[in-house]
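Asker: Dropping the sequence and predicted coords here.
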Amino acid sequence: MVTTYKYQDLQPYYENIARVELNGKYGFINRMGIEIIPLKYQYASSFSSELACVHLNGKCGFIDKEGKEIIKNEYDFADDFIGNLARVKLNGKWGFINKQNKAVIPLKYDFLDTFSEGLARVKLNNKWGFIDNQGNQIIPLIYNKAWSMIEGLIRVELNNNQGFIDRQGNEVIQLKYKCVDLFIEGLARVKLNTKWGFIDKLGEETIPIIYEDARIFNENLAQVKLDGKWGFINNLGKEVIHFKYDYTDPFIDGISKVEIKNKYGFINNTGVEIIPLIYDWAQKFNEDFACVKLNNKFGYIDKKGSIIISLNYDGAFGFIDGLSLVKLNGKYGFIDKHDTEIIPLKYDSANSFKEEMSIVSINNKYGFIDKNGVEIIQMKYEAQFDFNDGLSVVKLNGKYGFVDKLGNELISLIYESAENFTKGLSKVLLDQKCGFIDRQGNWILFA
């Protein structure tokens, strides 16, 4: 196998073929690194069911592993094939086609979802129902809202009342609730009039509908509110942690952040306050540390409540991959878990790392640095945005364009406004005309 480093994106191999991207164009290589399908597409998905969805001139179609066009680029949207069906959209209408480009399910719906447990929800004239993979209407289009089927149950709404139906459309849990949630750990949160409780899959109200608010079960406990205070109950409805808190977080690894009278601390799942409620603010634990604030200074504690990084900072924003963005004396930089300054606190603004890069600025000039603090995109722009689809919107001299992760200005800065790329297209404004461009800056269509 030959490894190549010239591509900006390389997807995992599927039957010895991998999708690659270079300078905004997509194609495919084999394991020898040979480009067996030219890099000419605005977007391409990996192969699925022997075909790959490709975008060309703003339209979607399908090719085989030799690059032969099997379904021409004519659709406004297309999903990958799953088996012999692919969901497509044309002129605002949705349906399913087969690999011979025959509309197995006519393109007549205002929306059509993917199949879940053999049924797909569809919308027509603001009503929802369900069809099977032959297009047969299994559940009539009568509902104001509908959600995909999960474990044989479908959540629906009719005349502002919610409940559950089965795959035949039979009402199995009465449509009488103002809100019903998904089943989590065997129970679903429901609202009746102004109160909350929980039901099981038979519709039995196993936890009385008496609470002012409730959250879903997590780690076998649910946050509920009674008489203006939050506590926790178990799945039998028994009070496990007393109703005394003004705020609670769900438990994560047996720890919950809680608050009383604007003071924050942490409890375990038996209600023991393992970290006293002494902080003016606290963040959830992440990478074993929690950021806390006291007397307008920020630092970090561990799960025993020990101060690991002294509360000396004017701002701190949580650890991500061992680094935390911090602020001191109006400047931003990054520290590690030993409070060592890894990237100097010299920036006027900075974001936490995303895709191994951070947007930073000095004197209102923006660019990107890597985790070593190396400036990989020069700080010269008036505005810079996170990368999406391998490109970032930038602004210079009042005009917008795009750079890649190496800082190359791939699309000239000529636009009055520009949005992030999504599946190979960006919405832009030029000379007061709005339209879409591809990743080479070619106009595809006007909005």
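Answerer: Looks like it arrived, so ask away. What you see is a predicted model, and the numbers here were worked out from it, not measured in a lab.

Asker: Determine the three-state secondary structure at residue 197.
Answerer: What DSSP: H, G, I helix; E, B strand; the rest coil gives for residue 197 is strand.

Asker: Contacts only, for the closest residue to it other than its chain neighbours.
Answerer: Spatial nearest neighbour of residue 197, chain neighbours left out: residue 209 (3.3 Å); criterion: Cβ to Cβ, 6 or more residues apart in numbering. C-beta here means a position set from N, CA and C on the backbone, and glycine is covered the same way. Neighbouring residues of residue 209 by Cβ atoms under 8 Å, 6 or more residues apart in numbering: 190, 191, 192, 195, 196, 197.

Asker: Which pLDDT value goes with the fourth one?
Answerer: Among the per-residue scores, residue 195 shows a pLDDT of 98.

Asker: circling back: could you list the paired strands of the helix or strand hosting the residue nearest to residue 197 along with their orientation?
Answerer: Following DSSP states H and E, one finds residue 209 within strand 207-211. For strand 207-211, the paired strands and their directions (DSSP bridges) read strand 195-199 (antiparallel).

Asker: Alpha carbons of the partner strand, in CSV - could you do that?
Answerer: What follows is strand 195-199 as a C-alpha-only set of coordinates in CSV (Å, rounded to 0.1, in the frame of the first residue of the first chain):
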residue,chain,number,x,y,z
LYS,A,195,-47.3,19.1,35.7
TRP,A,196,-44.6,16.5,34.8
GLY,A,197,-44.3,12.8,35.6
PHE,A,198,-43.2,9.6,33.9
ILE,A,199,-44.9,6.7,32.1
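
Asker: among the helices and strands of the protein, which has the poorest mean pLDDT?
Answerer: Least confident helix or strand, the chain: strand 443-446 with a mean of 70, by mean pLDDT, DSSP states H and E.

Asker: Could you list the domains of this protein?
Answerer: 1-104, 110-177, 181-279 (automatic domain parsing).

Asker: Tabulate the ones you listed (a markdown table), appending distance to residue 426.
Answerer: Listed next are the domains of the chain as a markdown table, based on distance: least, Cβ to Cβ, whole Å:
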| stretch | distance to residue 426 |
| --- | --- |
| domain 1-104 | 10 |
| domain 110-177 | 24 |
| domain 181-279 | 35 |
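
Asker: Confidence-wise, which of these is weakest overall?
Answerer: Ranked by mean pLDDT, the domains of the chain end with domain 1-104 at the bottom, a mean of 91.

Asker: and that one, how far from the chain's centre?
Answerer: In terms of Cα atoms, centre = their mean, to the nearest Å, the centre of domain 1-104 is set 23 Å apart from its chain centre.

Asker: CA atoms only for stretch 294-305, dumped as PDB, please.
Answerer: Extracted in PDB, the C-alpha atoms of stretch 294-305 (Å, rounded to 0.1, in the frame of the first residue of the first chain):
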ATOM      1  CA  LEU A 294     -14.500  32.500  43.500                       C
ATOM      2  CA  ASN A 295     -14.200  36.300  44.100                       C
ATOM      3  CA  ASN A 296     -14.000  36.900  40.300                       C
ATOM      4  CA  LYS A 297     -11.000  34.600  39.900                       C
ATOM      5  CA  PHE A 298     -10.900  31.300  38.000                       C
ATOM      6  CA  GLY A 299      -9.000  28.000  38.600                       C
ATOM      7  CA  TYR A 300      -9.500  24.300  38.600                       C
ATOM      8  CA  ILE A 301     -10.400  21.600  41.200                       C
ATOM      9  CA  ASP A 302     -10.300  17.800  41.000                       C
ATOM     10  CA  LYS A 303     -13.100  15.400  42.000                       C
ATOM     11  CA  LYS A 304     -12.000  15.500  45.600                       C
ATOM     12  CA  GLY A 305     -12.400  19.200  45.700                       C
END
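
Asker: The chain should start at 40 in everything you say after this.
Answerer: Got it, the first residue is 40 from now on, which makes the last one we talked about stretch 333-344.

Asker: Now do the buried residues in that stretch.
Answerer: For stretch 333-344, the neighbour count (16 or more other Cβ atoms under 10 Å) marks 333, 336, 337, 338, 339, 340, 342 as buried.

Asker: Report the separation between the residue lying closest to residue 231 once chain neighbours are set aside and residue 234.
Answerer: Spatial nearest neighbour of residue 231, excluding adjacent residues (Cβ to Cβ, 6+ apart): residue 248 at 4.9 Å. Look at residue 248 and residue 234: by Cβ to Cβ, to the nearest Å, they are 5 Å apart.

Asker: same thing with residue 475?
Answerer: 48 Å.

Asker: Name the residue in the two with the higher neighbour count.
Answerer: residue 475 (19 against 15; other Cβ atoms under 10 Å).
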